[in-house]
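Colleague: pasting the sequence and the predicted model now:
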Amino acid sequence: MVTLRTAQDGATRSTAAASGEKSRDRRHRFPSHVRFLAYAYLVSVPFEIDYVMGARSFTFWLGAGLVLLVVLQLPHLTSIRAVINGQLLLPVVALIGFSSLGYFWSIDRDATFGATAVLASTVLTWLALAMVIADSLGPAFGALIAGTSLMSVKLLMSDVTIDGRADIIANVNDVAVLIVLGGAWLLARVTRLDAGIGKRIAYGLLLALHVWALLATGSRTGALAILLPLVLVIVWSFARLRLGLFVGVLLVTGLMVGSFILLGITLPQRIASLPSAFAANDLNFRDVIWRAALPELPSIVGTGLGSTPTYMHGILGVEAVMHSVYLGIALELGVVGLLIWAWMLIRLGAGVRNSSWSREFVMMAISVALMALTLTLELRRPLWVFLALLGALTIFARERQSSIEGVS
């Protein structure tokens, strides 16, 4: 009798927790027009430079509108989301605060002031986006894939430059990062054995489109960033004796290569020259820039956010960006800045392990980490779009845990 009553109490408590969570989610959810704006923002990000209104990109105005709508909604939210975001944003606030203080010791105060303003604006958009899509991460992924797929089609229909790269208005590196993010997500979906065969075929076709478009960008870092996760999946599936997954990935890879051959697709000159560039240690001037930064490392507080072009002009006689997130942060923000960034990423990634989206986020994180080796992304939208997705997952996970604890 006692056992039965205990079981009934447990069932009642579980039902109450589930009911409370659903009720809480309904109260937390942003209106449909706000979510639609967030999805439109994600679709538009790959086309940021292509469409300009009032001297600013269409994506910028979407982000500004999203921030405004979220601010207007905040008084009506009955959730603990503001408290959770306060905890989650602590390292980001520290990052903005420390970057702002860098104005006083920066080697280029005007550049640091401008870069800090961009960082603050980017963080506002990041927070608004993360809050809105925390309840609907699946559709948010779908919106991002829709945007990168449309950009992939545009890349393949564009004229080519003299070295075989697609001739587009948008920043080719930003586009490459977003396409790699989309490709990594699709690769994770293809390798999910619980997905139906129809969905896996659709994901595989979209993956082929993204790989094809990535080659069209001529991004050598992007090619490596999509290739390495694929190799890791093959090695992991073979080592864990996941023969079905192993054969499936090999089949998808074979189909992509075969379709490229049948369609007469050739590698752009930049991609084809990758092996010879490695052999000749030709990093397209990046190695010179990286060596020029070494005398300033390690620094405690850095040279000031956004000051790399000024620093390089003083050392090399020409302005240049760092072409490495890791070295860029180390030079401009020093050891303190690196620790703040690490703190922020650890805090954001805390909810990934127990999430149903863990495979997708791991694939995307590996790809972004690889591209960050040779690209400057600290203040660019592609990196912060990924951080918004990561932040949304963490917000949802913490809210859900708090809801269950509150009911129990």
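Modeller: Nice, I can see it. As the structure is a prediction and not an experimental result, all values here were calculated from the model.
Colleague: every contact and neighbour count from this point should use C-alpha atoms.
Modeller: Noted.
Colleague: please tell me how far V352 sits from I340.
Modeller: 20 Å (C-alpha to C-alpha, to the nearest Å).
Colleague: quick one: the strands in the stretch 151-300 of the chain, in order.
Modeller: Remark: no strands are assigned in the stretch 151-300 of the chain by DSSP state E, counting those that start in this stretch.
Colleague: low-confidence ranges in the stretch 1-150 of the chain?
Modeller: Applying pLDDT under 70 to the stretch 1-150 of the chain flags residues 1-29, 50, 76-87.
Colleague: what segments of it are helices?
Modeller: Ranges of helices within the stretch 1-150 of the chain are 2-28, 32-44, 58-73, 81-101, 109-133, 137-157, based on DSSP state H, counting those that start in this stretch.
Colleague: figure out which of those helices is closest to L209.
Modeller: helix 137-157 (6.7 Å; C-alpha to C-alpha).
Colleague: tell me the angle that closest one makes with helix 32-44.
Modeller: Here the directions of helix 137-157 and helix 32-44 differ by 30 degrees (axes from the mean of the first three to the mean of the last three C-alpha atoms, to 10 degrees).
Colleague: could you list the buried residues of helix 137-157?
Modeller: The neighbour-count criterion (16 or more other C-alpha atoms under 10 Å) identifies 137, 140-141, 143-152, 155-156 as the buried residues of helix 137-157.
Colleague: state the mean pLDDT of stretch 394-401.
Modeller: Stretch 394-401 shows a mean pLDDT of 73.
Colleague: now distance to G302 too, for the helices of the stretch 1-150 of the chain, in TSV please.
Modeller: Output for these, formatted as TSV (distance: least, C-alpha to C-alpha, whole Å):
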stretch	distance to G302
helix 2-28	41
helix 32-44	33
helix 58-73	29
helix 81-101	10
helix 109-133	11
helix 137-157	35
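Colleague: against I133, how distant is the closest residue to A350 other than its chain neighbours?
Modeller: Excluding the flanking residues, the one nearest A350 by C-alpha to C-alpha, 6 or more residues apart in numbering is T394, at 6.9 Å. Going from T394 to I133 by C-alpha to C-alpha gives 11 Å.
Colleague: joint contacts of the two?
Modeller: Counting by C-alpha atoms under 8 Å, 6 or more residues apart in numbering, no residue touches both T394 and I133.
Colleague: tell me the secondary structure of T376, please.
Modeller: coil (DSSP: H, G, I helix; E, B strand; the rest coil).
Colleague: host element of the nearest residue to it once chain neighbours are set aside?
Modeller: Nearest in space to T376, with sequence neighbours left out and distances taken as C-alpha to C-alpha, 6+ apart, is H323 at 4.7 Å. For H323, there is no host helix or strand (DSSP states H and E).
Colleague: repeat that for the one 3 residues further on.
Modeller: Here Y326 is covered by helix 325-348, with elements defined by DSSP H and E.
Colleague: need the contact list for the residue nearest to A350.
Modeller: T394 touches L348, G349, A350, G351, V352, counting by C-alpha under 8 Å, 6+ apart.
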